[in-house]
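1. Prediction below, plus the sequence it came from.
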Amino acid sequence: MAEMLYARDVYGKTLVELGRRSQDLVVLDADLSGSTRTGIFLNEFPERFFNFGVAEQNMMATAAGLASCGKIVFVSTFAMFASGRAWDQVRNTICYSDFNVKIVATHAGITVGPDGASHQAVEDIALMRSIPNMKIVVPCDGPETREAVLTAFETDGPFYIRLGRSKVPTLEGRPPFKLGKGYVLREGSDVTLLACGLMVQEALKAQEALAKEKISARVINMPTIKPLDGDLLLEAAHETKGFVVCEEHSVIGGLNSSCAEFLSEKYPTKIIGIGVRNRFGQSGDEKSLLKEYKLTSDDIVVSAKTLV
Amino acid sequence: MLDNKKIAELEEKAQEIRIMIIKMLARAGSGHPGGSLSSADFLTCLYFSVMRHNPRDPDWPDRDRFHLSKGHCCPVLYSVLAEAGYFPKSELLNLRKFGAMLQGHPDRHTPGVDVCSGSLGQGLSVALGMSLAAKIDKKDYRVYCLMGDGEIQEGNIWEAAMAAAHYKCDNLCAILDYNGFQIDGRVADVMAIEPLADKWRAFGWYVIELDGHNMAAIYKALNTAKKIKEKPTILIAKTIKGKGVSFMENVVDFHGRAPSEDETKLALKELKGE
């Protein structure tokens, strides 16, 4: 059985690791430090942690001010508020200035569960992706979260790192994270299953089910949504008959759209999006929600079969 | 205290700044004269008698920070920066042109501009971030932030106001250019903001009300603010929109319209005292 970790636990611990390494690291939160786990950093470095209360717009613009003075600022709240409530601040004050502000948004997607639609961000990648200078990473497990956070720390400019609420199994044999790179987890020649975040696990399950039906599926983990790994996409487009792109996000504006935009220009290929289809979420347990919104390995299998 | 000679010098410089504002806006053919003219006096006072800065080293870590939250009034900031020597004055005449350094709202390509602005309501937060950075680094620089009176209708301003008092940012001094007008008319008619001093006091700020065109009063207020401990200070500066050009004063149309050729001639004549 694979190890199960909260990506946000890993995030909090990685912040402490970085806080020891650099005096310039500053962490901000908006009354969710327990949930986002920035509270772990607060316990170690209270003088470099600021809570802004329920005021995300102020938090984001303040992050820009800190960054203008040489600070590397990690900012956390739920994905809904990081991307939606404070979008103008992120665009005009952080990204336009190309500042070292790393937004690590937790509780993304419908697996937030019982809180329901108001808290289930399935539009956040779309919102963040359209802003110049912004880099976007959706890690698939705990260790990849750590590597993404370290990379964001070491790489100049703004980042949006998207984490879920629930525990995720640690992927075995995953190659180390590199910004702008995707990874083939399973070789295959009929179809490509491209995924990010918790959908990587579903894609792997779908690959096994397809293998039993003699369909050879290539599985690609695509943690960096922006900049996109175009070379890997082109290779898969040439070598397989089409893509099933799997993400816990709207099919509008996220990984699915990124792939479609890129391939329609370079090598038009059939792409089917597995994602939330123009709907709001709702309360419920994780499993029921993934089933209702057709985000399971079964749904991936059905779509993959239409491509071969 | 400033002696009368220094005050006269600053007043003269502010008038030169106003002339530059009119010239650059006339050349650009668009932009915001009203709020640029109303804030010319305290920007002059800041950059030429109060702030610690070095135009030859715009990134000097110990410099005092100035952030223009009401970014549309960049003609006054650009003029002051050029006058101080951050870049050649010839750049002013390229304002808002394709390929020019001086954008319609400030961005970081301009030496002396630390953070871009233009979307209203965010600047006080930016200044708060600079203030917190000074506290972390135990540096003694001060942070100044200029806001418009219409701008403070933005909710983000009050989030920042709350936080700056919460974190006892006594190195932060906000200046409110209270000229009483915004694009759609009188501030009091569009969306009333009074009682202003009470609001800021209630948010935990030290409030100084003053005549924003009285150089000695501006200098005194900025220096009083330096002595206030444990809380941020706001200067509520009563000003006249379009100050210095008779036909622009308190005329809402000149919030966001450049002067015509004839208006420019007339304005320059007035400002030069001819």
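-> Nice, thanks for sending it over.

2. Report the secondary structure state of residue B:120.
-> coil (DSSP: H, G, I helix; E, B strand; the rest coil).

3. what's residue 149 in contact with, if anything?
-> Let's take chain A. By CB atoms under 8 Å, 6 or more residues apart in numbering or on different chains, the residues touching residue A:149 are A:10-11, A:14-15, A:18, A:74, A:102, A:104, A:161. Just so you know, the C-beta spots here come from the backbone N, C-alpha and C atoms, and that holds for glycine as well.

4. Sorry, I should have been clearer: chain B.
-> By CB under 8 Å, 6+ apart, residue B:149 lies in contact with B:176-180, B:182, B:187, B:193.

5. same question, residue B:180
-> B:149, B:186-188, B:241, B:250.

6. and those residues, which are buried?
-> B:149, B:187, B:241 (16 or more other CB atoms under 10 Å in any protein chain shown).

7. Quick check, the residue in the stretch 1-150 of chain B closest to chain A?
-> Residue nearest to chain A within the stretch 1-150 of chain B (CB to the nearest CB): residue B:129, separated by 2.1 Å.

8. ok but that residue is inside a helix, no?
-> Yes: using three-state DSSP, the assignment for residue B:129 is a helix.

9. List the ones among the contacts of residue A:149 that fall in helices.
-> Those of the contacts of residue A:149 mapping onto helices are A:10-11, A:14-15, A:18, per DSSP state H.

10. Also near chain B: which of these, exactly?
-> Contacts with chain B are made by none of the ones in helices among the contacts of residue A:149, judged by CB under 8 Å from any CB of the partner chain.

11. Kindly reformat those residues as CSV containing neighbour count and pLDDT.
-> Shown next, in CSV, are those (neighbours: other CB atoms under 10 Å in any protein chain shown; pLDDT from 0 to 100):
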residue, neighbour count, pLDDT
A:10, 24, 98
A:11, 26, 98
A:14, 24, 98
A:15, 27, 98
A:18, 20, 98
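
12. Just flag the most distant two among the residues you listed.
-> Within those, two members stand farthest from each other by CB to CB: A:10 and A:18, at 12.4 Å.

13. which ones are touching residue 186?
-> Just so you know, I chose chain A. Applying CB under 8 Å, 6+ apart, we find residue A:186 in contact with A:204, A:207, A:217-219.

14. that's the wrong chain, I wanted chain B
-> Residues in contact with residue B:186, defined by CB under 8 Å, 6+ apart, are B:180, B:252.

15. any idea of the pLDDT on it?
-> Here, the pLDDT recorded for residue B:186 equals 97.

16. where along chain A do the helices fall?
-> In chain A, the segments counted as helices under DSSP H are A:7-21, A:33-36, A:39-44, A:56-68, A:79, A:87-88, A:124-129, A:142-154, A:199-212, A:230-239, A:255-266, A:286-292, A:297-305.

17. Could I get those helices in JSON lines, plus columns for distance to residue A:223?
-> Listed next are the helices of chain A as JSON lines, based on distance: least, CB to CB, whole Å:
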{"stretch": "helix A:7-21", "distance to residue A:223": "12"}
{"stretch": "helix A:33-36", "distance to residue A:223": "19"}
{"stretch": "helix A:39-44", "distance to residue A:223": "23"}
{"stretch": "helix A:56-68", "distance to residue A:223": "23"}
{"stretch": "helix A:79", "distance to residue A:223": "16"}
{"stretch": "helix A:87-88", "distance to residue A:223": "23"}
{"stretch": "helix A:124-129", "distance to residue A:223": "12"}
{"stretch": "helix A:142-154", "distance to residue A:223": "6"}
{"stretch": "helix A:199-212", "distance to residue A:223": "9"}
{"stretch": "helix A:230-239", "distance to residue A:223": "12"}
{"stretch": "helix A:255-266", "distance to residue A:223": "10"}
{"stretch": "helix A:286-292", "distance to residue A:223": "20"}
{"stretch": "helix A:297-305", "distance to residue A:223": "18"}
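
18. Whatever residue of the stretch 101-250 of chain A ends up closest to chain B pairs with what?
-> Here the stretch 101-250 of chain A gets closest to chain B at one residue, residue A:101, 9.8 Å apart by CB to the nearest CB. Taking DSSP bridges as the rule, residue A:101 bridges to residue A:73.

19. Confirm for me that residue A:217 is in contact with residue A:206.
-> Yes: counting by CB atoms under 8 Å, residue A:217 does reach residue A:206; the two are 6.8 Å apart.

20. Pull up the overlap in contacts between those two.
-> With CB under 8 Å, 6+ apart, residue A:217 and residue A:206 have common neighbours A:193, A:304.
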